[in-house]
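**Student:** Sharing a model that was predicted from the sequence below.
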Amino acid sequence: MSRVPPPWPPVEVETAHRHPDAPPPGTKFGPHYAHCFGCGDEVEHGLHLQTEAGEGTAIHAQFTVTEAHQGAPGLAHGGLLACAFDEALGVTVGQQLRRPAVTGRLETDFLAPVPVGSTLHIVGTLDGIAGRKVYASAEGRLDAPDGPLALRARALFVIVDFRHFVEHGRAEDLRAVAENPSLLRQSRFDINP
Ligand SMILES: CCCCCCCCCCCCCCCC(=O)SCCNC(=O)CCNC(=O)[C@H](O)C(C)(C)COP(=O)(O)OP(=O)(O)OC[C@H]1O[C@@H](n2cnc3c(N)ncnc32)[C@H](O)[C@@H]1OP(=O)(O)O
């Protein structure tokens, strides 16, 4: 099987520009939701992905693989690695465009095993936008920003209305957020960006 990926983005796109209010390079974001498996600070065995704004539309992210993240003995589970990319790319889209969006499609190339104890350094960028469809991609390197390339991912995010979350979220979790808004660790998106 060929390792050459199909053309990316798969449709004609316009350049995706960072929103004028997107945080400047170097800004650390912190978790967006206390119970998010990707970044939440109240999820004991979550990924605790750390994210920071980069140049242009880039986001830098990293997380350390723990014993709780194993698939094979001593190696990270592939699904958790894909989760890290989903999160990193979600932050790239959310923070750089300042629009709510959800993952429609995520594809991941696993290029090298990722051992427990290693830190994955991810850089995500926006690749283009076509209506509500936002294309983004990322690379992950082992133990240093210029370490060996371990993963690549490409994703389609679809911009949604805030109603998406209110209509589909489990009632008790939405209630918990209404009662304790600080569970959403970051301020809300611009409604009219
Ligand atoms: C103040 C600011 C603070 C900022 C703070 C930011 C922090 C922010 C951090 C967030 C970090 C979270 C990172 C995790 C992000 C998740 O993990 S989100 C959870 C996982 N994803 C989901 O649950 C989504 C489930 N899917 C759906 O709800 C619906 O299928 C969707 C994706 C909303 C699309 O449905 P829809 O709105 O009815 O739209 P639809 O017409 O079906 O699709 C729109 C277009 O996308 C295309 N499309 C949709 N799905 C696909 C697909 N799988 N393949 C190809 N094309 C597709 C359609 O063909 C269509 O294309 P066009 O016809 O427009 O050319």
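**Tutor:** Structure received.
**Student:** Val84 looks like it's in a helix, true?
**Tutor:** Val isn't right for residue 84; it's Ala. Yes: remark: Ala84 belongs to a helix, assigned using DSSP: H, G, I helix; E, B strand; the rest coil.
**Student:** Surely it touches Gly140?
**Tutor:** Yes: using CB atoms under 8 Å, Ala84 and Gly140 qualify as a contacting pair, with a distance of 7.4 Å. Every residue, glycine included, has its C-beta placed from N, CA and C.
**Student:** Which neighbours do these two have in common?
**Tutor:** Both Ala84 and Gly140 are contacted by 120, 122, under the criterion CB atoms under 8 Å, 6 or more residues apart in numbering.
**Student:** Now do the same for the residue of the chain found nearest the ligand: its pLDDT.
**Tutor:** The minimum distance from the chain to the ligand, using CB to the nearest ligand atom, falls at Gly90 (2.3 Å). You'll see Gly90 listed with a pLDDT of 98.
**Student:** check which helix or strand covers it.
**Tutor:** With elements taken from DSSP states H and E, the one containing Gly90 is helix 78-97.
**Student:** buried sites along the following helix or strand past that helix?
**Tutor:** Using DSSP H and E, the next helix or strand after helix 78-97 towards the C-terminus is strand 101-110. Buried residues in strand 101-110, counted by 16 or more other CB atoms under 10 Å: 101, 103, 106, 108.
**Student:** Same question for stretch 169-183.
**Tutor:** Across stretch 169-183, burial judged by 16+ other CB under 10 Å covers 177, 183.
**Student:** where do the strands sit along this protein?
**Tutor:** Under the criterion DSSP state E, strands of the chain are mapped to 50-53, 59-64, 101-110, 119-130, 133-142, 149-159.
**Student:** Throw the ones you listed into a markdown table and include distance to Asp21, thanks.
**Tutor:** Listed next are the strands of the chain as a markdown table, based on distance: least, CB to CB, whole Å:
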| stretch | distance to Asp21 |
| --- | --- |
| strand 50-53 | 12 |
| strand 59-64 | 15 |
| strand 101-110 | 16 |
| strand 119-130 | 16 |
| strand 133-142 | 17 |
| strand 149-159 | 16 |
